[in-house]
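Asker: below is the structure, and that's it, no one-letter string:
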């Protein structure tokens, strides 16, 4: 029991450090992308935290298997360097028992990966898509930047010259709309000296109120145009008539993918289900690869191990793409890739045991 706690602590602490570093790199890159969109006025800064939070399960399902793989390599490599494995073998700890000890934290990590891949990741991706789609379908003057044309859904593009001192009113507003209430082919351009946002206290609907301006409409193939001058013009900021489809397989539940005979759905299902199994196979690969000579250093086999992981993930993604495109039968699926690396892990383990654990 003491040995189990010691080995598990070493592996999980190393894995946690690697996970933190990988998440910092991946989430930092995504945050910079979202922050750039916020700086350009495409999304408000207030939703950046929610977007990153709902992306976290998708990052974890990819980071955790690699972090656990590297955690076993580095932790056991340090044990070899300190000759602690030699002491364990002298005390009667066999390689098979060491493998059983390794598979116990692997089960915890596999459960976390399965929780993310089967449930949290599609739910988070759907929530992010809904949030971004709602943002595209409405105009919030807080995200507008003076002197720029900005799309806000529904075929509309807005331009403002400047704000007043408290940023509640817009000056010299121009709104371009593709499509109209009567003729979808029409193009409308509305200009106004003043514009501001108003919210109905009864329904909560939001409106863009324009004052002292004119509205022009023209349709392709027509020899005439419309012109309407107004003192006050109200434009409802509702959802776009052409919303982006949110029924992508990326957002579908795992049970829905299981019941869908479409090859793309089956490929996505096999990808999600295969990730927890991948953790156990990586644990099987990591134990023999962590065996190093104290003179070599614990990083001696790190580069070959990373190449092996990259090959595993690349073949798995290629198999998912082949199943989704119909080039590989659904019945075969991605499982040959898992079986191949399972066999490689067993051969490495057998070779390591045959040479002995010095």
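Answerer: Looks like it arrived, so ask away. Because the structure is predicted, anything quoted here is derived from the model rather than measured.
Asker: where does residue 207 land in three-state SS?
Answerer: Following DSSP: H, G, I helix; E, B strand; the rest coil, we place residue 207 in the strand state.
Asker: what sits against it?
Answerer: By CB atoms under 8 Å, 6 or more residues apart in numbering, residue 207 lies in contact with 197, 198, 199, 200, 234, 235, 236, 237. For glycine as for every other residue, the C-beta is placed from the backbone atoms N, C-alpha and C.
Asker: what about the last one, how many residues nearby?
Answerer: Translated: residue 237. The local packing of residue 237 (other CB atoms under 10 Å) involves 19 other residues.
Asker: is it true that it touches residue 209?
Answerer: No. Residue 237 is beyond contact range of residue 209, at 10.5 Å (criterion: CB atoms under 8 Å).
Asker: list the residues that contact both of these two?
Answerer: residue 197.
Asker: re the thing from before, take the contacts of residue 207 and keep only those in strands.
Answerer: Of the contacts of residue 207, the ones assigned to strands by DSSP state E are 197, 198, 199, 234, 235, 236.
Asker: now, among the residues you listed, which is nearest to residue 225?
Answerer: Closest approach to residue 225 among the ones in strands among the contacts of residue 207 (CB to CB): residue 235, at 19.4 Å.
Asker: so what's the nearest residue to that closest one once chain neighbours are set aside up against?
Answerer: Spatial nearest neighbour of residue 235, excluding adjacent residues (CB to CB, 6 or more residues apart in numbering): residue 208 at 4.5 Å. If you count contacts by CB under 8 Å, 6+ apart, residue 208 has them with 139, 175, 195, 196, 197, 198, 234, 235, 236, 237.
Asker: I'd say the fifth one and residue 206 touch.
Answerer: Yes. Residue 197 sits in contact with residue 206 when judged by CB under 8 Å, with a separation of 6.2 Å.
Asker: need the overlap of contacts for these two.
Answerer: Common neighbours of residue 197 and residue 206, using CB under 8 Å, 6+ apart, are residue 237.
Asker: what residues are up against the spatially closest residue to residue 64 that is not a sequence neighbour?
Answerer: Spatial nearest neighbour of residue 64, chain neighbours left out: residue 113 (5.2 Å); criterion: CB to CB, 6+ apart. The contact partners of residue 113, by CB under 8 Å, 6+ apart, come to 60, 61, 64, 65, 275, 276, 278, 279.
Asker: one more pass at 6 Å, please.
Answerer: Contact analysis of residue 113 by CB atoms under 6 Å, 6 or more residues apart in numbering lists 61, 64, 275, 276, 279.
Asker: my read is that the third one contacts residue 116, right?
Answerer: No. At 8.2 Å, residue 275 and residue 116 do not qualify as touching, with contact defined as CB atoms under 6 Å.
Asker: mutual contacts of those two, please.
Answerer: Common neighbours of residue 275 and residue 116 (CB under 6 Å, 6+ apart) are residue 61.
Asker: compare these two and say which is more crowded by neighbours.
Answerer: Neighbours were counted for residue 275 and for residue 116 using other CB under 10 Å; residue 116 has more, 25 against 21.
Asker: now do the strands in this structure.
Answerer: For the chain, the strands defined by DSSP E occupy 149-151, 156-163, 170-178, 187-199, 206-218, 225-236.
Asker: now residue 26: closest residue in space, sequence neighbours ignored.
Answerer: Leaving aside its sequence neighbours, residue 26 sits nearest to residue 59 (CB to CB, 6+ apart; 5.3 Å).
Asker: is residue 215 in a bridge, and if so with what?
Answerer: Residue 215 has these beta-bridge partners by DSSP bridges: residue 190, residue 228.
Asker: how about low-confidence regions in the stretch 251-358 of the chain?
Answerer: 293-300, 353-358 (pLDDT under 70).
Asker: burial check on residue 336, number of neighbours?
Answerer: Residues lying near residue 336 (other CB under 10 Å) number 12.
Asker: numbering from 15 from now on, please.
Answerer: OK, 15 is where the count begins now, so the last one is residue 350.
Asker: tell me who's in contact with it.
Answerer: With CB under 6 Å, 6+ apart, residue 350 has no contacts at all.
Asker: go again with 8 Å.
Answerer: Contacts of residue 350 (CB under 8 Å, 6+ apart): residue 333.
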